[in-house]
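> Here's a sequence, model it:
(2 chains)
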Amino acid sequence: MPDTTTPQTAGPLQLLESEAAGYCDPVTGLCVLPAALPELRGDPETATPGHAEKVVVPGLRPALDAQSRAHEHEEAQPWTYSSRPPQP
Amino acid sequence: METAAQAPTRLSIDVWSDIVCPFCYLGEHRLSQAIARSPHADRIDLSIHTFQLDPTLPASPIATLDHLSATHGVPAAQARAMESGLARQARSEGLAYEVDRPAANTLDMLRLVQLGNAHGVGWEVMRDLQAEVFSANPDAYAPATLARVAEKLGIPVEEIREVLDSDKYADAVRADHEQAVRLGARGVPFTVLGGRLGIPGAVEVGQFLAAIDQAWEQVDA
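Predicted coordinates:
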């Protein structure tokens, strides 16, 4: 049976972000509705080994850090949803 | 004798999700559709991981809209209007979605997903429990409902009871959460393809499909 608790990462993790992707954020406590439907592409050559690499990919907006993402939530007038950081 | 070099290429897809997360519910549905349409569908290994969004939710169910209003200061009418928009979207994609549904702590459900993973049906446990919640079953969070869902998927009753009567797999839920954060997740759903491509959020079916193609090219290179 495969070990489902420990996915193997084959080196760098490249994050592909899309404005079409609604998600729930445990830091800001917000769920954000999608805004657009861009095409999803990515360039694995831009990834850096050893950690997650956020990249600009054609048709997609640049990935945002947590601070700018939270700011974006305020500007986008999103609806809120239940989310909290996990308790230790 | 088959060697590692001769083994067929396979693509792993790992998804982090919570039961009460509407975009997880939607995103998993879209990912399933993308996988079904992919020419590589029979060589994809799909795994579900847990990510508890709100450990402070009470064990006893409360109205989702009331919780949204009280917790985040959103007027009830605004919460309802925005939830209704999501409901229209979900229904247009063939999913049951009730605005007036219960919300409660999901830890027991997520521990049951972990048990499901031990039996190879974690994804199905997640989906079936979400279906109970988003179709507004008032007893969605009741132990009897959790047991019924898990038993229907073939998990032995005694193992279900053992999990529901203890905190078994709570550490696995926390470990999953921490791993998602280490991988760069800032929320859920969060999908990792081939251990290389991370997709935050519920992207469209076509986007998932394109990402599967891209990840496949990398693992098959």
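
> List the contacts of B:N137.
B:P102, B:T145 (C-beta atoms under 8 Å, 6 or more residues apart in numbering or on different chains). In short, each C-beta sits where N, CA and C put it, glycine included.

> err, B:V173, not the other one
B:T50, B:Q52, B:L107, B:L110, B:R111, B:Q114.

> Excluding chain neighbours, what is closest to the closest residue to chain B within chain A?
Taking C-beta to the nearest C-beta, chain B has its nearest neighbour within chain A at A:A21, 2.5 Å off. Closest residue to A:A21 apart from its sequence neighbours, by C-beta to C-beta, 6 or more residues apart in numbering or on different chains: B:G201 at 2.5 Å.

> That neighbour: neighbouring residues, count only.
Residues near B:G201, counting by other C-beta atoms under 10 Å in any protein chain shown, number 27.

> Let me know whether B:L193 touches B:L31 as I believe.
No: between B:L193 and B:L31 there is no contact under C-beta atoms under 8 Å: 9.8 Å.

> Low-confidence regions, chain A specifically.
Regions of chain A meeting the criterion pLDDT under 70 cover residues A:1-12, A:20, A:27-30, A:32-88.

> Go again with 80.
A:1-12, A:17-21, A:25-88 (pLDDT under 80).

> What segments of chain B are helices?
For chain B, the helices defined by DSSP state H occupy B:22-37, B:64-72, B:76-92, B:107-118, B:122-134, B:143-152, B:157-164, B:170-183, B:205-219.

> Which other helices and strands does the shortest one contact?
Going back to what we said before, that points to helix B:157-164. helix B:107-118, helix B:143-152 (3 or more C-beta pairs under 8 Å, 6 or more residues apart in numbering or on different chains; DSSP states H and E).

> Give me the distance from the worst-scoring helix or strand of chain B on mean pLDDT to the chain's centre.
Least confident helix or strand of chain B, by mean pLDDT, DSSP states H and E, is helix B:64-72 with a mean of 83. Taking C-alpha atoms, centre = their mean, to the nearest Å, one finds helix B:64-72 lying 22 Å from the centre of the chain it belongs to.

> quick one: contacts for the residue of chain B found nearest chain A?
Closest to chain A within chain B is B:G201: 2.5 Å, counting by C-beta to the nearest C-beta. The contact partners of B:G201, by C-beta under 8 Å, 6+ apart, come to A:E17, A:S18, A:A20, A:A21, A:G22, A:Y23, A:P34, B:F23, B:G27, B:G187, B:P189, B:F190.

> how about a cut-off of 6 Å?
With contact set as C-beta atoms under 6 Å, 6 or more residues apart in numbering or on different chains, B:G201 has these partners: A:A21, A:G22, A:Y23.

> Now, of those residues, which are buried?
Listed as buried from the contacts of B:G201 are A:A21, A:G22, A:Y23; burial here means 16 or more other C-beta atoms under 10 Å in any protein chain shown.
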